[in-house]
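S.K.: got a sequence here, can you model it:
(2 chains)
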Amino acid sequence: MAFTAPKETYSGKVFEVAIGTDKTAVFGGENVLPFHSFEGNIPHRPVIAYEIQDVPPDDWPETVKKVYEGVSGDPVTWAKYCQDTLNAQAIALRLVGTHPDRENRSPEDAAKTVKDVLAAINVPLIILGSNQIEKDSAVLVSVSEAAKGKNCIIGKAQEGNYKTIAAAAMANNHKLIAMSELDINLSKQLNILITQMGFDKEKLITDPMCSALGYGLEYTYSVMERIRLAALTQNDTTMQPPMLADVGMYVWKIKETQASESDLPQWGLLAERGIAWETITAGSLLMSGAEFLIMRHPEAAKAVEKFIDELM
Amino acid sequence: MALTGVEIFKLLPKTNCKKCGHPTCLAFAMKLAQRQASLDACPDVSEEAKKVLGEASAPPIRSITLGSGDKAVKMGEENVLFRHEKRFVNPCAFAVEVKDSMSDDEINKIVDDVLNSEIDRVGQKLRIDAIFVSNASNDAGRFEGVVKAIASKAPAVPLIIATNNPAAAETAVKAVADKKPLLYGADESNADAMANIAKTYKIPLGVTAKGLDALTALTEKIKGLGVEDMVIDPCAKTAKEIIEANTYIRRAAIKKNFKALGYPVITLAQRDDKMLEALIAALGVTKYSSIVVLSSIKKWKNLSLFTLRQNIYTDPQVPMQVEQKVYKIGEATPESPLTITTNFSLTYFIVSGEIENSKVPTRLAVMDCEGLSVLTAWAAGKFTASKIAQFIQESGIENEITHKELIIPGYVAILSGAIEDKLPGWKVTVGPREANALPAFLKSRG
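M.R.: Sure thing, here's the model as predicted:
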């Protein structure tokens, strides 16, 4: 019996999202499952943004902290280093210092940091809060205004604060990350609620919540696969925004990226292990449908870029 | 195509003799249709029915065993394309390549690494499963010697004998035939001779051809030569080619019941760049490879790949659980705080991770709640005051610590009074609702 290629046709398509004003980055736009270019069209590669933060990365493990030694004391220097030396296509600034349990920086301070970073770079900027529902409402409104006209991604809008954040992103013409916790129905519901406010669904990015390899990766993986299948096979427009995998912050806080080899000889070299952990987490989530990644270690990001080269 | 229960029923003896253990032939037919019974249970079935049913009831991807004994690896038998539909059945095997052109010392080192590769993670023992011995030297004598040496040093580890030279294959296979190695393999130029060796020694045969048309023709030819057990390689080299070939193979087998490609797939992932090799292996794990061949097995790389395989092959309907016990985190002393949570693996990982981040040495009592998270377990009546009290008493923790204070998750604050009633002399403190507030909570107690 002769072989006939069992091609699938898909009725839906992922929205294409372009960010930035000077050097821009574009992702999404495909009408097939991840890297299934044999049966459809994939106009853009996934984009990797390098993560920086508004305060020094004292809480990052050594392996990834030392890469940015000398530049990470100041977000502007750090952002320029990522753009000019590491050739980052996009930069994700996490305003972790605004968290009430951390430095508790004010929304005005955060806005100043954002302005300074934007003035120093020409690649797109992703502006992330500290993931504290109430504080993010204030901070993300303030930074959205500060970044007006720069076509940034603002994040993350969640069930508890999406109204103020989405309104600010809309008023200042930014893209918006909508995050819900590992549940396809919650994700769909949040996208619907945000679009009901008048926010353009083609300016959304879905974050179904990331998990690190070994720490719930299979949940993120399957939620992403299901979202992508709903977008493509059922043409469900609420599930068609591109997806974010916010890899770095989940990977670089678990034991496998921190425990020394002398404590756990079976686990092998710490530096390579940490980089591999971020690399494999990111690579697996590309397989399940992420179009946009936020990563920390340049070697992990570069390995994933090589992987994408081979996949495209 | 799979037959329905009624179609199967028509082929059965219809005697309702009950010898199969089912009340009627129809009931048995229904079980067969759901793949919950084996036709072997019917003593009176005709040869013709056996043939028809055997073809139709075979799993879409043939079950093949790599090696023999305790460390043999089962492959194939997959039923779905996406893991949320139903559990992926047989986790992909990792093999490391040993070239017979390497020095004996180099070979011994790799074999030692394979023997020492086992890691325990969430109660599962994970290891490098097999050794892929290739005839890089093109010397049949050297090949046989290396295969024999590896088999005697690592007698339980399954072997893949990799050569396209039938003469070299035959001597090597003969030396270790009892271990049921996989012979890799047959191609268009040597199929007859290789099929003959596989038949003679009753071992599975790896079949390689460039592209799926050629591969289909070749597996059909080899099946015609009397070899049933095959592992296929569509010769996909780049990640792009691998995802295309593996997706088409899995779809053809599962959605079209296309038997000629209904075999486990072997993927050669070797790359000079080790991080890229790990990613190609990850592609194999997530996208349908049954054997992934690596060029090196560094511990850091193994750990990440073992973990990924475990994650992807977890049953999506059954939560992963950790063992019920009191875990020490950091250098916990008898004075250190005692916290409690449930045994859902994700809950455990997140809570223990946050406790570690706090740098406050702490005991974490993990209670068996059938793998449910805190709120779900509480709602299901598995994380109740009396069960928590009983667990704390039976754990013997009272003899190990100098205080009697138990920190419970904020979500079950409502239980604090009831636990104190059931644990005389104990004080119950309500901790934070979310694990990410644990570091601040534990530090503030310091």
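
S.K.: from here on, just use CA atoms for contacts and neighbour counts.
M.R.: Will do.

S.K.: who touches stretch B:386-400?
M.R.: Here stretch B:386-400 makes contact (CA atoms under 8 Å, 6 or more residues apart in numbering or on different chains) with B:325-326, B:334, B:367, B:404, B:418-419, B:422-423.

S.K.: give me the buried stretch members for it, please.
M.R.: Neighbour counts over stretch B:386-400 (16 or more other CA atoms under 10 Å in any protein chain shown) mark B:386-389, B:391-392, B:395, B:397 as buried.

S.K.: one more: stretch A:242-261?
M.R.: A:242-259.

S.K.: restrict these to those near chain B?
M.R.: Intersecting the buried residues of stretch A:242-261 with the contacts of chain B gives A:253-255 (criterion: CA under 8 Å from any CA of the partner chain).

S.K.: please save the CA atoms from stretch B:150-164 in PDB.
M.R.: C-alpha atoms of stretch B:150-164 as PDB (Å, rounded to 0.1, in the frame of the first residue of the first chain):
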ATOM      1  CA  ILE B 150      30.200  -4.200  26.200                       C
ATOM      2  CA  ALA B 151      27.800  -7.100  26.700                       C
ATOM      3  CA  SER B 152      30.000  -8.700  29.300                       C
ATOM      4  CA  LYS B 153      30.600  -5.400  31.200                       C
ATOM      5  CA  ALA B 154      27.000  -4.300  31.100                       C
ATOM      6  CA  PRO B 155      25.100  -7.500  30.600                       C
ATOM      7  CA  ALA B 156      21.600  -6.100  31.400                       C
ATOM      8  CA  VAL B 157      21.800  -3.000  29.200                       C
ATOM      9  CA  PRO B 158      20.000  -3.400  25.900                       C
ATOM     10  CA  LEU B 159      22.200  -3.100  22.800                       C
ATOM     11  CA  ILE B 160      21.600  -1.600  19.400                       C
ATOM     12  CA  ILE B 161      24.000  -3.100  16.800                       C
ATOM     13  CA  ALA B 162      24.600  -0.400  14.200                       C
ATOM     14  CA  THR B 163      26.100  -1.400  10.800                       C
ATOM     15  CA  ASN B 164      24.800  -1.800   7.300                       C
END
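
S.K.: quick one: mean pLDDT for it?
M.R.: The pLDDT scores in stretch B:150-164 average 97.

S.K.: stretch B:89-98 now?
M.R.: For stretch B:89-98, mean pLDDT is 97.

S.K.: got it, and stretch A:154-161?
M.R.: 96.

S.K.: part of a helix, is B:Asn246?
M.R.: Yes - B:Asn246 forms part of a helix when assessed by DSSP: H, G, I helix; E, B strand; the rest coil.

S.K.: how near is A:Tyr81 to chain B?
M.R.: Going from A:Tyr81 to chain B by CA to the nearest CA, to the nearest Å gives 24 Å.

S.K.: what bits of the stretch 1-150 of chain A have low per-residue confidence?
M.R.: Within the stretch 1-150 of chain A, no range satisfies pLDDT under 70.

S.K.: flag every residue of it that's near chain B.
M.R.: Those residues of the stretch 1-150 of chain A that sit near chain B, judged by CA under 8 Å from any CA, are A:1-3, A:5-7, A:35-36, A:38, A:101.

S.K.: so which of the residues you listed is the closest to A:Leu232?
M.R.: Proximity of the residues of the stretch 1-150 of chain A next to chain B to A:Leu232 (CA to CA) peaks at A:His36, which lies at 12.2 Å.

S.K.: that closest one - how many residues pack around it?
M.R.: For A:His36, the neighbour count with other CA atoms under 10 Å in any protein chain shown is 21.

S.K.: ok, now B:Pro166?
M.R.: Neighbours around B:Pro166, by other CA under 10 Å: 20.

S.K.: now A:Asp183: closest residue in space, sequence neighbours ignored.
M.R.: A:Val223 (6.5 Å; CA to CA, 6 or more residues apart in numbering or on different chains).

S.K.: which ones are touching the one you found?
M.R.: A:182-184, A:208.

S.K.: which among the residues you listed count as buried?
M.R.: Looks like the contacts of A:Val223 have A:182-184, A:208 buried, using 16+ other CA under 10 Å.

S.K.: distance to B:Asp113, secondary structure and pLDDT for those residues - can I get that in a markdown table?
M.R.: Shown next, in a markdown table, are the buried ones among the contacts of A:Val223 (distance: CA to CA, whole Å; DSSP: H, G, I helix; E, B strand; the rest coil; pLDDT from 0 to 100):
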| residue | distance to B:Asp113 | secondary structure | pLDDT |
| --- | --- | --- | --- |
| A:Leu182 | 38 | coil | 88 |
| A:Asp183 | 41 | coil | 92 |
| A:Ile184 | 42 | helix | 95 |
| A:Pro208 | 39 | coil | 97 |
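
S.K.: A:Asn191 is in contact with A:Ile177, isn't it?
M.R.: No - between A:Asn191 and A:Ile177 there is no contact under CA atoms under 8 Å: 9.6 Å.

S.K.: which neighbours do the two share?
M.R.: A:204, A:206.

S.K.: rewinding a little: any idea which of the residues of the stretch 1-150 of chain A next to chain B has the most stuff around it?
M.R.: A:Phe35 (23 neighbours).

S.K.: and the pLDDT at B:Ala29?
M.R.: At B:Ala29, pLDDT is 88.

S.K.: likewise for A:Glu256?
M.R.: Looking at A:Glu256, its pLDDT reads 92.

S.K.: I'd say A:Leu140 and A:Ile165 touch.
M.R.: Yes - using CA under 8 Å, A:Leu140 is in contact with A:Ile165, at 6.2 Å.

S.K.: one step back: restricted to helices, list the buried residues of stretch A:242-261.
M.R.: Counting by DSSP state H, the buried residues of stretch A:242-261 place A:247-251 in helices.

S.K.: distance to B:Ala193 and pLDDT added to those residues, as TSV?
M.R.: Converted to TSV, these look like this (distance: CA to CA, whole Å; pLDDT from 0 to 100):
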residue	distance to B:Ala193	pLDDT
A:Val247	50	98
A:Gly248	52	97
A:Met249	55	95
A:Tyr250	53	94
A:Val251	50	96
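
S.K.: which strands and helices sit next to the lengthiest helix in chain A?
M.R.: Scanning chain A for the helix with the most residues, using DSSP H, yields helix A:270-288. If you count contacts as 3 or more CA pairs under 8 Å, 6 or more residues apart in numbering or on different chains; DSSP states H and E, helix A:270-288 packs onto helix A:62-65, helix A:217-233, helix A:247-251, helix A:298-311, helix B:274-286, helix B:299-312.

S.K.: what residues does the third one touch?
M.R.: Around helix A:247-251, the neighbours that count as contacts under CA under 8 Å, 6+ apart are A:51, A:210-213, A:257, A:277-278, A:281-282, A:293-297.

S.K.: distance from it to the middle of the chain?
M.R.: 10 Å (CA atoms, centre = their mean, to the nearest Å).

S.K.: stretch B:314-334 now?
M.R.: In terms of CA atoms, centre = their mean, the centre of stretch B:314-334 is found 21 Å from the chain centre.

S.K.: count of residues packed around B:Gln317?
M.R.: 10.

S.K.: how far off centre is the worst-scoring helix or strand of chain B on mean pLDDT?
M.R.: The helix or strand of chain B with the lowest confidence, counting by mean pLDDT, DSSP states H and E, is helix B:47-57 at a mean of 77. Here helix B:47-57 is found 30 Å from its chain centre; the criterion is CA atoms, centre = their mean.

S.K.: which residues are contacting it?
M.R.: Against helix B:47-57 from outside (CA under 8 Å, 6+ apart): B:1-3, B:8, B:11-12, B:32-33, B:35, B:39.

S.K.: for chain A, which segments count as helices?
M.R.: Using DSSP H, helices in chain A cover A:62-65, A:75-80, A:107-120, A:133-146, A:162-171, A:184-196, A:217-233, A:247-251, A:270-288, A:298-311.

S.K.: tell me which of the ones you listed sits most buried.
M.R.: helix A:270-288 (a mean of 26; mean count of other CA atoms under 10 Å in any protein chain shown).
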